[in-house]
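S.K.: After the sequence you'll find the predicted model.
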Amino acid sequence: MNIKWDANKYTADFSFVHQYGNSVIDLIDADKGSSVLDLGCGNGALTKALQDKGYLVKGLDASGDLLDIAKEKYPAIDFIQGDAADFTLPEPVDVVFSNAVFHWINKDRQQNMLKCVYNALKNNGQFVFEFGGHRNNQKIHRALASIFLEYGYCYEMPFYFPTIGEYAALLENTGFEVQYAVLFDRLTELKGDNGLKDWINMFIKTPFLVVKTEQEKEVIVDKAVEALRSDLFMNGKWYADYVRIRMKAVRL
Ligand code: BEZ
């Protein structure tokens, strides 16, 4: 999926995305000086965290706007623009790391993406990642789908949220050995009084392409937010019903 990011707002208001990523980094078992590719590095915050652990890092992302922020903040890091499902590296690396990226890649491109990762790794190289797993944001998507229907539209699910079984099969097909896998719920606090509305406006883009006017879009979003209030607004704060899939696989 090609998404045009509001890179500055993403960096300012959705920093929890990379803050949670720090615990994914802890799954890497590699010596200082090992080479690590941060696949879908975005604004580079986790690429920098990987560098701070002593790794020799590179970041790759499709978004020029996010890479501009990354390069400005961390000029000493090598950032490359590229497609996660269609890239090669000049030299293989010890580790490929990725946080909160693979749900953006269509199901039919996942196998290509995994082949690129496999080819980018040395033998025994580690592939460590987390992204949206099965049931991720299910309440939000169901609420939107139901309001879309009321307005005569079909809500096309824009993300890929697999089960562990489905993703492990793809990894094994590619030649990886899966060494760790977990799927867990992580209710995630959103920023501000309009946290859920801002989240929907930031991340849910393509389903709204069928909606005729901006005003109608706003009404649909407001109605979905109200429908979700009893489930996702608690003690004065908005939450998103995240589910994560976190895995470690090795290139044999
Ligand atoms: C996620 O990190 O799970 C996610 C974020 C935005 C949209 C969809 C999924």
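M.R.: Right, received. Where do you want to start? Because the structure is predicted, anything quoted here is derived from the model rather than measured.

S.K.: Please count neighbours and contacts with C-alpha atoms only from this point.
M.R.: Will do.

S.K.: And the helices in the stretch 1-150 of the chain?
M.R.: Here the stretch 1-150 of the chain has its helices, by DSSP state H, counting those that start in this stretch, at 7-13, 16-25, 45-52, 64-73, 107-120, 138-150.

S.K.: Name the residues of the host helix or strand of Phe184 that come out as buried.
M.R.: Phe184 is part of strand 176-189, with elements assigned from DSSP states H and E. Across strand 176-189, burial judged by 16 or more other Cα atoms under 10 Å covers 176-178, 181, 183, 185, 188-189.

S.K.: So in that sheet, which strands flank that strand, and in what orientation?
M.R.: Sheet pairing of strand 176-189 (DSSP bridges) gives strand 237-251 (antiparallel).

S.K.: got the angle between the strand it pairs with and helix 138-150?
M.R.: Angle, strand 237-251 to helix 138-150, by axes from the mean of the first three to the mean of the last three Cα atoms, to 10 degrees: 110 degrees.

S.K.: quick one on the thing from earlier: so what touches the strand holding Phe184?
M.R.: For strand 176-189, the surrounding residues in contact (Cα atoms under 8 Å, 6 or more residues apart in numbering) are 118, 133-134, 163-164, 168, 171-172, 237-252.

S.K.: returning to that earlier point: switch the helices of the stretch 1-150 of the chain over to TSV; also include mean pLDDT.
M.R.: Putting the helices of the stretch 1-150 of the chain into TSV (pLDDT from 0 to 100) gives the following:
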stretch	mean pLDDT
helix 7-13	71
helix 16-25	82
helix 45-52	98
helix 64-73	97
helix 107-120	98
helix 138-150	98
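
S.K.: is it true that Ile25 touches Leu50?
M.R.: Yes - assessed by Cα atoms under 8 Å, Ile25 is found in contact with Leu50 at 7.2 Å.

S.K.: Compare these two (neighbour count), which wins?
M.R.: Leu50 (23 against 19; other Cα atoms under 10 Å).

S.K.: residues touching Val225, list them.
M.R.: Neighbours of Val225 in contact, by Cα under 8 Å, 6+ apart: 196-197.

S.K.: Could you rerun that using 10 Å?
M.R.: 140, 143-144, 194-197, 200, 219, 232-233, 238 (Cα atoms under 10 Å, 6 or more residues apart in numbering).

S.K.: Now list the buried members of the residues you listed.
M.R.: Of those, these count as buried by 16+ other Cα under 10 Å: 140, 143-144, 195-197, 200, 232-233, 238.

S.K.: For the nearest residue to Gly21 once chain neighbours are set aside, give its distance to Gly152.
M.R.: Residue nearest to Gly21 in three dimensions, not counting chain neighbours: Asn99, with 5.9 Å by Cα to Cα, 6 or more residues apart in numbering. According to Cα to Cα, to the nearest Å, Asn99 and Gly152 sit 35 Å apart.

S.K.: Tell me which of those two has more neighbours.
M.R.: Asn99 (24 against 10).

S.K.: still on that earlier bit, which ones among the contacts of strand 176-189 come in contact with the ligand?
M.R.: Tyr242 (Cα under 6 Å from any ligand atom).

S.K.: got a list of what the residue in the chain that the ligand sits nearest to touches?
M.R.: Residue nearest to the ligand within the chain (Cα to the nearest ligand atom): Gly132, separated by 3.8 Å. Contacts here follow Cα under 10 Å, 6+ apart; on that basis Gly132 touches 99-104, 159-163, 183-185, 242-246.

S.K.: same thing but 7 Å
M.R.: 100, 103, 161, 243-245 (Cα atoms under 7 Å, 6 or more residues apart in numbering).

S.K.: and the contacts of Val225 as TSV, adding distance to Ala45?
M.R.: Converted to TSV, the contacts of Val225 look like this (distance: Cα to Cα, whole Å):
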residue	distance to Ala45
Ile140	27
Ala143	32
Leu144	31
Asn194	25
Gly195	22
Leu196	23
Lys197	25
Ile200	23
Val219	35
Leu232	28
Phe233	29
Trp238	24
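
S.K.: and the residue nearest to Gly21, what pLDDT?
M.R.: If you check Asn99, the pLDDT there is 97.
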